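Student: I would like the atomic coordinates for the input below:
(one chain, ligands or ions: 2)
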Amino acid sequence: MTHIPYIIVLGNEKGGTGKSTVSMHLITSLLRQGYAVGSIDVDARQGTLTRYVENRTLRKNAKQQDLPLPTHIPLFKSEMGDRTQAEADEQTRFDQTINNLKDMDYIVIDTPGSDSYLSRLAHSYADTLITPLNDSFIDLDMLVRVNSDSLTIVKPSTYSEMVWDQKKQKAIRSGGSIDWIVLRNRLSSLNSRNKEEMEKVLGALSKRIGFRTLPGFGERVIFRELFLSGLTLLDMRENNMTMSLSHIAAKQELASLMDMIQLPKTQKKAAKVG
Ligand SMILES: Nc1ncnc2c1ncn2[C@@H]1O[C@H](COP(=O)(O)OP(=O)(O)OP(=O)(O)O)[C@@H](O)[C@H]1O
Ligand SMILES: [Mg+2]
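Tutor: Residues are numbered from 1 along each chain as shown. Ligands and ions are numbered 1, 2, ... in the order given. Next up is the predicted model:
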């Protein structure tokens, strides 16, 4: 039986919601569990994930640390002027990239915070799509138009419609489906009216548009302070950091996220890479 890697895509056409941050933490978590992980940066122009992996590689080599690494491939937009040719070129290079990573257990794909053909293509290959969302009605606007008085849903917005289209593309191509997860990121520990209202709208919306919501990461410095060293909170030993209460809570958030994503257990467990 041929082995097909399980594909996790991080997507949201709203910028700065945590796609690259969540990507890197998922990758490290899967690597630390001993899986072979491929990663693709479809946002190669900005290159946040690419640089995170580069920083990790530099760290590993400089300090001779046993840091597991993904097999990482940045994917740039086609430079062809003609749109049809450019899309064909991107399709070919995307297929080649997936093929180059065919021996991986998982592939994690980070996408840009804006619409592009490559990003749509990546969405249509997702087995699991994770959409991080800040607790703000500005971020929610990308998913749905909400009536401000009654907090009722007026209609799905651009990004939801795009995901719906890519679900259809995937069904046509392979008969497969996409498990769509909306992840609330940078949650404050305080209860607020805004938080409750977001919860209410997301609950109603999830049934209507077809996603499930998960609590993601809290607003914590540890999720952003290790970028330059290429480390994450799962590499605290390599960073000689003592665990604070906030670090322990962050680790729990990541562990429970990995649990609730419910990745298939049937994957081949590869020898530890790196
Ligand atoms: N849980 C968190 N706690 C604290 N800071 C966070 C958290 N998640 C993300 N950030 C910070 O928020 C900013 C945006 O995160 P990130 O770059 O991961 O978002 P993105 O969706 O990939 O953005 P873009 O759309 O530009 O690619 C970064 O400065 C990051 O360090
Ligand atoms: Mg990003």
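Student: which element is R45 on?
Tutor: For R45, there is no helix or strand it lies in under DSSP states H and E.
Student: quick one: residues contacting the residue in the stretch 151-274 of the chain positioned nearest to ligand 1.
Tutor: Residue of the stretch 151-274 of the chain nearest ligand 1, by CB to the nearest ligand atom: R224 (3.0 Å). For glycine as for every other residue, the C-beta is placed from the backbone atoms N, C-alpha and C. Going by CB atoms under 8 Å, 6 or more residues apart in numbering, R224 touches T21.
Student: ok, it to G203 distance?
Tutor: Taking CB to CB, to the nearest Å as the measure, R224 falls 29 Å from G203.
Student: just P70 next, same as before
Tutor: From P70 across to G203, the span is 34 Å (CB to CB).
Student: between these two, which has more neighbouring residues?
Tutor: P70 (28 against 10; other CB atoms under 10 Å).
Student: show me which residues of the stretch 151-274 of the chain sit near ligand 1.
Tutor: Contact residues (CB under 6 Å from any ligand atom) of the stretch 151-274 of the chain with ligand 1: 185-186, 217, 219-220, 223-224.
Student: in terms of helices and strands, where is the residue of the stretch 101-250 of the chain found nearest ligand 1?
Tutor: Scanning the stretch 101-250 of the chain for the residue nearest ligand 1 gives G113, at 2.5 Å (criterion: CB to the nearest ligand atom). For G113, there is no helix or strand it lies in under DSSP H and E.
Student: surely D41 meets K77?
Tutor: No - with contact defined as CB atoms under 8 Å, D41 does not reach K77; the gap is 11.9 Å.
Student: out of these two, which sits in the busier spot?
Tutor: D41 (26 against 17).
Student: who does the more buried one bridge with?
Tutor: P74, D110 (DSSP bridges).
Student: now do the contacts for it.
Tutor: 47-50, 72-75, 110.
Student: same deal with V146?
Tutor: Counted by CB under 8 Å, 6+ apart, V146 has contacts 137, 140, 152-154, 201.
Student: cool, and L140?
Tutor: 133, 146, 198, 201-202.
Student: pLDDT score for the closest residue to L183 other than its chain neighbours?
Tutor: Excluding the flanking residues, the one nearest L183 by CB to CB, 6 or more residues apart in numbering is G216, at 3.9 Å. With respect to pLDDT, G216 has a value of 90.
Student: quick revisit: for the closest residue to the residue of the stretch 101-250 of the chain closest to ligand 1 other than its chain neighbours, phi and psi?
Tutor: The shortest distance from G113 to any non-neighbouring residue, by CB to CB, 6+ apart, is to G15 (3.1 Å). Backbone torsions of G15, given as degrees, to the nearest 10, read phi -80, psi 160.
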